[in-house]
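*Asks:* need a structure here:
(2 chains)
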Amino acid sequence: MTPAMPGARARSPVIQFDNVVVRYAGAAQPALDGVSFDVMAGGMTAVAGPNGSGKSTLVRALLRRQRLERGRIEVLGENLEHLSQRQVAQRVAIAPQREDAAFPMRVDEYVSLGRFPRLGLWASPSSADRAAVERALGRAGVSEFAHRRTDELSGGEWQRVRIARTLAQEGEALVLDEPTTFLDMPHEMSLFELLHSLARDGLAVLIVSHQLNLLARFADTIVLLNRGNVVAIGNPAEVMRAQLLESVYDWPLVVTHDPASGAPALLPLRRPASVS
Amino acid sequence: MVHKGWHWLGAVAVFAAVCIAAVAAGAVPIPVSEVMRAVAGRGDASVVAIVRNLRLPRVVLSALIGAGLGMSGGALQGTLRNGLAEPYLLGVSGGAAVGAVIAFSIGIADAGWISLAAFAGAAAAVVLALLVARAAGRGGRGDPRTLLMAGVVIGAFANAVIMISLANASPNIIRGALWWMMGSAGDATWPAVAVLAVSVVAGGAALVYLARDIDVLALGEESAAALGVNVDRAARGIYLLSALLAASTVAAAGLVGFVGLIVPHIVRSAGVRQHRPLLVGTALVGATLVVAADLAARTIRPPAELPLGAVTAILGVPFFLAQLRKTA
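*Replies:* Predicted structure coming up:
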């Protein structure tokens, strides 16, 4: 495992959140209250934080399923508001947290849907499209079950197939919301290794995850959210501080170090028995 | 890949055979060999008249109804991500029935005006369902379940209106309304066929054009947005097109239940999953089913005619269950 190194491309921002404020209808507190950070090409940026801290709202804002009250989101220097939904999809590939495909299909058909933003409504897929699908299947390690049905996959296989679909989109950035839900340890590790190598190849990877210890080992930058605010941003050593995490998660914990890589690792403690 | 081609060829052949049988069979049986000649206007004058003025418009009307309902159901199931969705869902059937019943009860007997009243009722119900769903979804997400609820509730309201209007109506009006609700292609005329042809071809073509959007919408709203679809606008357009397509079939021949529900499942179980071929397939299979059902409706117990909507269900259910068993 090599430490995260800048990729071949210059490290330039691909997605920029600039003072983003989002408020759900009827809510007193905004779900995002002035969030700013950049997602750089050639690196893995992670968003972490407790439940309800605004992580998924960030992804919904990027999907434009949630209007911004203030601030702006830029993709490759262009304001999201000035791009069509299709143009955004050509630049940024997003795997939302939930996906309830209504009807099963073949894995390769599903991954081909990643080419949708690049096809006209009539044009049939070109050889370039098919090649992109092949590459995506190979890169995500799902080529061997390209002809299976999506409802016959295990949780780990399904997550990799979803990654393959986002890779087929061939955007500049990859955004994944909780991609390790339902995955066991080896699948979790291999997914993070895949994302890490994609970032090393120049992609901008934005991952929303609860797995702080994995983020600490793989991410270049961790953005820690709490109640819609960025409470810490920096490399894992800068964010993984016991006092900070204890106050954000409101739970006693210690931060130790991964014996193999030296990356910070969080260890939640049992609360002392209540005396009251 | 080869077997898929055979599926399509087989489906076209079955459709053609059913159509020829439907023109040939009836009170005056016509030999199959004469059917094509009569269609072209050659041969015995009375046979030509029966074929061209009675049976052919009926067959074409049935085919258009089946095609329209099949495509409407296929598009709605994909967009609503629900295999139980069907064309009458968004209040189409209830609204159309209210329109037709009101027309009957104020003494209108002309088929053209009743069609128009039914279409107006259906269109009003659909627009109402879409508006209710939109108002309910304001500020939040445009949840398809809200639309389903709106459609069901408006359907229930329409039923209440129908029952109240029929409660004190004369037996003749009740009989007419009831027969209309059971569906029939019996009054097919070429002008009615032409009107329905325009709406089925235009609406169907528009849905086939939007089919790739439906592929993506079937993944769920967030994934569809991630793939570049303007989810709310695209879904609304598809709901409206599908519902109006269904409304135009209801205006032409009353309620023909079940076709729009099972036909998409039949096509999907043949391995068709992308919505462009799926919609073409639902048009073909839907047309075949309704032509066959109409043939059965008028030949099983002549001279009586069975209600078309009931026959589609009686023919469709066993076929559907057999398919279900095969795929399970």
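*Asks:* tell me the contacts of the residue nearest the centre of chain B?
*Replies:* Compute the mean C-alpha point of chain B, and by C-alpha atoms, centre = their mean the closest residue is residue B:69, 2.4 Å away. Residue B:69 makes contact with B:87, B:245, B:246, B:249, B:256, B:259, B:260, B:263, B:286, B:290, according to C-beta atoms under 8 Å, 6 or more residues apart in numbering or on different chains. C-beta here means a position set from N, CA and C on the backbone, and glycine is covered the same way.
*Asks:* how about a cut-off of 7 Å?
*Replies:* B:87, B:246, B:249, B:256, B:259, B:260, B:286 (C-beta atoms under 7 Å, 6 or more residues apart in numbering or on different chains).
*Asks:* show the pLDDT at the last one.
*Replies:* Okay, so that is residue B:286. The pLDDT attached to residue B:286 in the predicted structure is 95.
*Asks:* for the closest residue to chain B within the stretch 151-276 of chain A, the count of nearby residues, please.
*Replies:* In the stretch 151-276 of chain A, no residue comes nearer to chain B than residue A:169, which is 7.6 Å away by C-beta to the nearest C-beta. By other C-beta atoms under 10 Å in any protein chain shown, 27 other residues sit near residue A:169.
*Asks:* and the closest residue to residue B:57 other than its chain neighbours, which of the three is it?
*Replies:* Using C-beta to C-beta, 6 or more residues apart in numbering or on different chains and skipping residues adjacent in sequence, the residue nearest residue B:57 is residue B:188, 4.2 Å away. With DSSP: H, G, I helix; E, B strand; the rest coil as the basis, residue B:188 sits in coil.
*Asks:* helix, strand, or coil at residue A:223?
*Replies:* Put simply, residue A:223 is strand when judged by three-state DSSP.
*Asks:* burial of it, as a residue count?
*Replies:* Using other C-beta under 10 Å as the criterion, the residues surrounding residue A:223 number 27.
*Asks:* touching, it and residue A:233? I think so.
*Replies:* Yes. Using C-beta atoms under 7 Å, residue A:223 is in contact with residue A:233, at 5.0 Å.
*Asks:* name the residues contacting each of those two.
*Replies:* By C-beta under 7 Å, 6+ apart, residue A:223 and residue A:233 have these common neighbours: residue A:37.
*Asks:* quick revisit: thought the residue nearest to residue B:57 was touching residue B:63?
*Replies:* No. Between residue B:188 and residue B:63 there is no contact, the gap being 10.7 Å when judged by C-beta under 7 Å.
*Asks:* neighbour-wise, which of the two wins?
*Replies:* Set residue B:188 next to residue B:63 and count neighbours by other C-beta under 10 Å: residue B:63 wins out with 28 against 25.
*Asks:* now that one: which helix or strand?
*Replies:* Using DSSP states H and E, residue B:63 sits within helix B:56-80.
*Asks:* equivalent analysis for residue A:65, please.
*Replies:* Assigned by DSSP H and E, residue A:65 falls within no helix or strand.
*Asks:* just to check, it is in contact with residue B:223?
*Replies:* No. Counting by C-beta under 7 Å, residue B:223 is not a contact partner of residue A:65; they are 11.0 Å apart.
*Asks:* higher neighbour count, those two?
*Replies:* More neighbours surround residue B:223 than the other of residue A:65 and residue B:223, with 24 against 18 (other C-beta under 10 Å).
*Asks:* check contacts around the more buried one.
*Replies:* Applying C-beta under 7 Å, 6+ apart, we find residue B:223 in contact with A:96, A:99.
*Asks:* if we can go back for a sec, separation between the residue nearest to the centre of chain B and residue B:283?
*Replies:* According to C-beta to C-beta, to the nearest Å, residue B:69 stands 10 Å off from residue B:283.
*Asks:* residue A:39 too?
*Replies:* Noted for residue A:39: a distance of 46 Å to residue B:283, by C-beta to C-beta.
*Asks:* show me what counts as buried in the helix or strand encompassing residue A:197.
*Replies:* For residue A:197, the host element (DSSP H and E) is helix A:185-200. For helix A:185-200, the buried set under the neighbour-count rule, 16 or more other C-beta atoms under 10 Å in any protein chain shown, comprises A:187, A:188, A:191, A:192, A:194, A:195, A:196, A:198, A:199, A:200.
*Asks:* mind picking the two most distant members of those residues?
*Replies:* Spatially, the most separated pair among these is A:187 and A:200, at 20.3 Å (C-beta to C-beta).
*Asks:* still on that earlier bit, any idea of the pLDDT on the residue nearest to the centre of chain B?
*Replies:* 95.
*Asks:* number of nearby residues for the nearest residue to residue B:274 once chain neighbours are set aside?
*Replies:* Among residues not flanking residue B:274 along the chain, residue B:215 sits closest, at 5.8 Å (C-beta to C-beta, 6+ apart). The number of residues packed around residue B:215, counting by other C-beta under 10 Å, is 25.
*Asks:* residue B:215: what secondary structure?
*Replies:* With three-state DSSP as the criterion, residue B:215 reads helix.
*Asks:* now do residue B:120 against residue B:103, distance only.
*Replies:* Taken as C-beta to C-beta, the span from residue B:120 to residue B:103 is 9 Å.
*Asks:* the two - which one has more neighbours?
*Replies:* residue B:103 (23 against 19).
*Asks:* my guess is the more buried one contacts residue B:115. True?
*Replies:* No. Using C-beta under 7 Å, residue B:103 makes no contact with residue B:115, being 9.1 Å away.
*Asks:* neighbours of residue A:208, how many?
*Replies:* For residue A:208, the neighbour count with other C-beta under 10 Å is 22.
*Asks:* could you do residue A:76 as well?
*Replies:* 18.
*Asks:* again with residue A:110
*Replies:* Neighbour tally, residue A:110, other C-beta under 10 Å: 25.
*Asks:* which pLDDT value does the model give the residue nearest to residue B:274?
*Replies:* 92.
*Asks:* list the contacts of it.
*Replies:* By C-beta under 7 Å, 6+ apart, the residues touching residue B:215 are A:113, B:274, B:275.
*Asks:* spell out which parts of chain A neighbour chain B.
*Replies:* Taking C-beta under 7 Å from any C-beta of the partner chain as the criterion, chain A approaches chain B at residues A:25, A:63-65, A:85-86, A:88-89, A:94, A:96, A:98-103, A:105, A:109, A:113, A:116-117, A:121.
*Asks:* and these, which of them are in strands?
*Replies:* residue A:94 (DSSP state E).
*Asks:* just the buried members of the residues of chain A next to chain B?
*Replies:* Neighbour counting with 16+ other C-beta under 10 Å marks A:63-65, A:85, A:88-89, A:94, A:96, A:99, A:101-103, A:105, A:109, A:113, A:116-117 as buried within the residues of chain A next to chain B.
*Asks:* for residue A:70, give me its contacts.
*Replies:* A:19, A:21.
*Asks:* the residue nearest to residue A:216 when sequence neighbours are not counted and residue A:37: what is the separation?
*Replies:* Nearest residue to residue A:216, sequence neighbours excluded (C-beta to C-beta, 6+ apart): residue A:236, at 4.1 Å. Per C-beta to C-beta, residue A:236 is found 15 Å from residue A:37.
*Asks:* check contacts around residue 270.
*Replies:* This is for chain A. With C-beta under 7 Å, 6+ apart, residue A:270 has no contacts at all.
*Asks:* my bad, chain B
*Replies:* Counting by C-beta under 7 Å, 6+ apart, the residues that residue B:270 touches are residue B:7.
*Asks:* next up, phi/psi of it, please.
*Replies:* Per-residue torsions, residue B:270: phi -90, psi 10 (degrees, to the nearest 10).
*Asks:* and it, how far from residue B:153?
*Replies:* Distance from residue B:270 to residue B:153, counting by C-beta to C-beta: 35 Å.
*Asks:* residue A:216 now?
*Replies:* From residue A:216 across to residue B:153, the span is 51 Å (C-beta to C-beta).
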